[in-house]
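S.K.: Next comes the sequence, and after it the predicted model I'd like to discuss.
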Amino acid sequence: MTGTARLLGFLLRRERLSLPWWLAGVTLLLFVQSTQSQELYGTAAELETLRQTIGANTAVIAMSGPPELLRSIGGEIVFEIFGFLAIVVALMNMFLVGRHTRADEESGRAELIRSARVGRRAPLAAALLLAGLADVAAGLLVFAVAVGTGLPIAGSALFGAAVTGVGLFFGAATAAAAQVFESTRAVYGTVAALLGAAFALRAAGDVGDGTLSWASPIGWGQRAYPFAGDRWWALLLPVAAAVLLGAVAVALLARRDLGAGLVATRLGRAQASAVLRGPYALAWRLQRGSLAGWAAGLFLAGVAYGSIAESIQDYVRDNPEIAQFLTGGADDIINAYLAVTAGMAALLAAAYGVSSVLRARTEETSGRAEVVLATATSRWTWLAGQLSVAVLGTVLTLVAFGIGEGFAYGMSVSDPGQVPRLVGVALAYVPAVWLVVGVTVLAFGWLPRPATIVAWAVIAYCAVITLFADSFGLPGWSRQASPFVHTPQVPLDAATAPPFALLTLIAAALVAAGYAGLRRRDVGY
Amino acid sequence: MGTSPQAAIEITAVHKSFGVTKALDGLDLTVAEGEVHGFLGPNGSGKTTAIRVLLGLLRPDAGQVRLLGGDPWRDADTLHRRLAYVPGDVTLWPGITGGEVIDLLGRLRGGADRRRRDDLLERFDLDPRKKARTYSKGNRQKVALIAALASDAELLLLDEPTSGLDPLMEAVFQQCVHEIKDQGRTVLLSSHILAEVEALCDRVSIIRLGRTVETGTLGELRHLTRTSIAVETSRPVTGLTGMAGVHDVVIADHHARFDVDTARLDTVIRELAPLGVRSLTSSPPTLEELFLRHYGEDGAAS
């Protein structure tokens, strides 16, 4: 353990720029939720109405938490936000621990550190301490925001501790996974799968009799019932599990060589297959994994949205006052809902498109583009290879969403025809998504260095317009700047060709302009 | 240096800046067809920038660049069919194996010799089945080298190709370059390893702060160097101090040690001969020393 304290100081320094953002995210999420909830459901009567409507809606329960939390306004806040806080804190821990254990070993930095007067267990201990400190900080911030927005002190303390508990569990789980796998990607994949399972288990448990929720680290935190019974003992579970996983990590560390894992990476092909022969094949090969991930994610999102489509109708039938907020009123409620969800999917598909185009920039800054461009591959062919994935991949992700939503909704109304119909609805957004892809290409061509920030800012802008334009009362011109606003709201509105053609044309022009920039600039800077 | 029809590379007065940093400051470089040309300079002297200009990845701010008779910026993709490149810092796609990268680069370049590829894999002792993320720096370098050496390219641009290779592999590399030279192909070899350049290169250009400070054959450059002499004579040594071209004289009675400009060697030996030379050792000028004089504290060239 020699050198742990010094290493911890070094890790804190390495994290000084990214860690504050995670903590700021936690703070902001809770602050917005707490003020909003207290405004909406501030009185006992409002809370009672909510309890009755939500208590019967399995979809909302599956997305949020156990309805037992709805006993007080504080509990309502925990009900709505705890799942999201848990995801943020879990990912923070995954990156904090993964980056300073397996990623350092993979890059060779760990070798340099271990060659100094540093004990074998010191890097692991320092990474776990770092994650623990971050978890305590997150818990304290949750406590401070909860108390600061007027919630009871005792419940706030338990709320903060529950968030810390989720963090500790995932930090220790990452440490254990980092001992097992040789590559950082495999570690992150495992922990992300664990997080997905934790969410799914608690969703199934909360909808059912609650048993499965006890198998989920997120469920443990929620079932401490902050502000709704304050069961501190529930937090013994995440603490015990974290200690156990930490001990497993330490035990495994003693049984392996530096850089090795318990599961060795497999050997690959000695020769390239006949398929891998050009810039297109290379781009697809490099991005197929992330495309499959995004497509699967959008498919699942589609299933989630589709499965509650019918209950939305019931919900509105029971609460007619809500119908007046929806365009089309109660009659067209399902179509309005399907249009809105397709818009959400379009945002996700656009985010995928941006990340895919930005892979070109990663290739460039890493020097790998240079190797390809030094062959007979022209800049256009190289870019076209990358773009082929973005252009077709966005279509694929939208199709996956349409299939998922159509399948789930079709099941509930016994109509297989919903699959092609909702695929068509999702595809209506293709031109708008391509336009965002085009903007990213433009930024990549002319402003390569800030391209990443510019492109994600565009996504953030479109998201704000789609999600909040009405509730924030934004001026009309600001809405017009989002390509999604110009897409007909099918199936609510009729699809007409001109907006699609225009959006596609603009997208093509943006790509051409972006290429013009790439052609005349230096590569690699 | 006049324009010769056989020049594979011709760079004239090229300037390239990145913001305030001047990477190339009037660089001249001529590489004749069929020669192995050493491109020497310390880190940050502009070697890599020059090679990137030759590849058409960077556009020069001013000056002329000709590569295999074409304009590397305008005709990049057609010219690249005829050349192979090994970057100084090889980064590969982490999830793709070394064998796949070699094949892919060969195909992107327009085909590579399968037999030569397998032969090179064996000579460089590389396991092609490993994913690139598991390769060490030396092994990544081997992947890029094998991909380049397996091609039929007329021109090879090698940017410090042996950094990270062990001495055994360096010997294999030198052998390969000799074979390429025998086939009449052209090589531009950037390096700061002088032994390598001395062993391989017909001509050498030395670059410093983005400008060529010296160019010529190794023989020509030796005229700019000093030979170290240690001599023992039967009569006490006199008259050496103050002779033109003689430096750093240390005389102890019948013994003397000094450096002499290689061009003045003859005059100095004539001066020593009447003193009755009992023994004489001379250390030949090395590029190393030439290098040190160019970048050492007394700096100024020649």
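M.R.: Nice, thanks for sending it over.
S.K.: Tell me which residues touch the residue lying farthest from the centre of chain B, please.
M.R.: The outermost residue of chain B, judged against the average C-alpha position, is B:Arg235 (44.6 Å), by CA atoms, centre = their mean. B:Arg235 makes contact with B:His254, B:Leu275, B:Gly276, according to CB atoms under 8 Å, 6 or more residues apart in numbering or on different chains. (C-beta placed from N, C-alpha, C; glycine too.)
S.K.: gap between the last one and B:Val260?
M.R.: As judged by CB to CB, to the nearest Å, B:Gly276 and B:Val260 stand 19 Å apart.
S.K.: Who has more neighbours out of those two?
M.R.: B:Val260 (24 against 11; other CB atoms under 10 Å in any protein chain shown).
S.K.: quick one: contacts for residue 280?
M.R.: By default, I'm working from chain A. If you count contacts by CB under 8 Å, 6+ apart, A:Tyr280 has them with A:Ala384, A:Gly385, A:Ser388.
S.K.: please go with chain B instead
M.R.: Taking CB under 8 Å, 6+ apart, we find B:Leu280 in contact with B:Ile229, B:Ala230, B:Val231, B:Glu232, B:Leu272.
S.K.: Am I right that the third one sits in a helix?
M.R.: Looking back up the chat, that one is B:Val231. No. Judged by DSSP: H, G, I helix; E, B strand; the rest coil, B:Val231 forms no part of a helix; its state is strand.
S.K.: Hmm, it is touching B:Val249, no?
M.R.: No. Counting by CB atoms under 8 Å, B:Val231 does not reach B:Val249; the two are 10.9 Å apart.
S.K.: Pull up the overlap in contacts between the two.
M.R.: Common neighbours of B:Val231 and B:Val249 (CB under 8 Å, 6+ apart) are B:Ala256, B:Arg257.
S.K.: quick one: which of these two has more around it?
M.R.: Shown here are B:Val231 and B:Val249; by other CB under 10 Å, B:Val231 has more neighbours (22 against 16).
S.K.: Report the beta-bridge partner residues of the more buried one.
M.R.: B:Ala256, B:Leu280 (DSSP bridges).
S.K.: How confident was the prediction at it?
M.R.: pLDDT recorded at B:Val231 is 91.
S.K.: A:Val433 is in what secondary structure piece?
M.R.: Applying DSSP states H and E as the criterion places A:Val433 in helix A:430-446.
S.K.: pLDDT averaged over that helix, what's the number?
M.R.: In the prediction, helix A:430-446 has an average pLDDT of 97.
S.K.: Next SSE downstream of that helix?
M.R.: Next helix or strand after helix A:430-446 toward the C-terminus (DSSP H and E): helix A:451-472.
S.K.: ok, how many other residues are close to A:Val60?
M.R.: Around A:Val60 there are 19 other residues, counting by other CB under 10 Å.
S.K.: ok, the residue nearest to the spatial centre of chain B to A:Leu212 distance?
M.R.: The residue lying closest to the centre of chain B (CA atoms, centre = their mean) is B:Gly38, at 2.7 Å. B:Gly38 sits 70 Å away from A:Leu212, taking CB to CB as the criterion.
S.K.: rewinding a little: just the buried ones from the contacts of B:Leu280, in PyMOL syntax?
M.R.: Selection command for PyMOL covering only the buried members of the contacts of B:Leu280, criterion 16 or more other CB atoms under 10 Å in any protein chain shown:
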select buried, chain B and resi 229+231+232+272
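S.K.: which of the contacts of B:Leu280 lies closest to chain A?
M.R.: The closest of the contacts of B:Leu280 to chain A turns out to be B:Ala230 (CB to the nearest CB; 42.6 Å).
S.K.: quick one: the closest one and B:Ala256 touch, right?
M.R.: Yes. Between B:Ala230 and B:Ala256 there is a contact at 7.4 Å, judged by CB under 8 Å.
S.K.: Count the neighbours of B:Thr48 for me.
M.R.: 20.
S.K.: What are the contacting residues of whichever helix or strand it is part of?
M.R.: Using DSSP H and E, B:Thr48 sits within helix B:47-54. With CB under 8 Å, 6+ apart as the contact definition, helix B:47-54 has outside contacts at A:370, A:523-524, B:9, B:11, B:14, B:16, B:23-24, B:27, B:29, B:39, B:41, B:58-60, B:65, B:67, B:72, B:85, B:88, B:157, B:159-160, B:188, B:190, B:207, B:210.
S.K.: again, but for stretch A:207-216
M.R.: Contacts for stretch A:207-216 (CB under 8 Å, 6+ apart): A:58, A:61-62, A:66, A:197-199, A:201-202, A:204-206, A:219-220, A:222-223, A:237.
S.K.: 7 Å instead?
M.R.: A:Thr58, A:Ile61, A:Ala62, A:Pro66, A:Ala198, A:Leu201, A:Arg202, A:Ala204, A:Gly205, A:Asp206, A:Gly219, A:Arg223 (CB atoms under 7 Å, 6 or more residues apart in numbering or on different chains).
S.K.: can you check stretch A:75-89 too?
M.R.: By CB under 7 Å, 6+ apart, the list of residues contacting stretch A:75-89 from outside reads A:22, A:25-26, A:29-30, A:33-34, A:37, A:41, A:47, A:50, A:64-65, A:69-70, A:135, A:138, A:159, A:163, A:166-167, A:195, A:199, A:218, A:221-222, A:225-228.
S.K.: again, 6 Å this time
M.R.: Residues outside stretch A:75-89 that contact it (CB atoms under 6 Å, 6 or more residues apart in numbering or on different chains) are A:25-26, A:29, A:33-34, A:37, A:41, A:64-65, A:69-70, A:138, A:159, A:163, A:166-167, A:218, A:222, A:226-228.
S.K.: Tell me the spatial nearest neighbour of B:Cys201, not counting adjacent residues.
M.R.: Distance criterion CB to CB, 6 or more residues apart in numbering or on different chains; nearest residue to B:Cys201, sequence neighbours excluded, is B:Gly38 at 3.5 Å.
S.K.: Equivalent analysis for A:Tyr352, please.
M.R.: Going by CB to CB, 6+ apart, A:Tyr352 has A:Trp294 as its nearest residue, at 4.4 Å.
S.K.: Likewise for B:Pro87?
M.R.: B:Pro87 sits nearest to B:Asp159 (CB to CB, 6+ apart), 5.6 Å away.
S.K.: which strands and helices sit next to the host helix or strand of A:Gly25?
M.R.: According to DSSP H and E, A:Gly25 maps onto helix A:19-40. Packing contacts for helix A:19-40, counted by 3 or more CB pairs under 6 Å, 6 or more residues apart in numbering or on different chains; DSSP states H and E, involve helix A:73-100, helix A:122-148.
S.K.: out of these, deepest packed?
M.R.: Mean neighbour count (mean count of other CB atoms under 10 Å in any protein chain shown) peaks for helix A:73-100 among the helices and strands packed on helix A:19-40, with a mean of 25.
S.K.: Hey, what's the angle from it to helix A:19-40? Just curious.
M.R.: Helix A:73-100 runs at 170 degrees relative to helix A:19-40, counting by axes from the mean of the first three to the mean of the last three CA atoms, to 10 degrees.
S.K.: Determine the angle, from 0 to 180 degrees, between helix A:73-100 and helix A:122-148.
M.R.: Using the same axes, to 10 degrees: helix A:73-100 against helix A:122-148 is 160 degrees.
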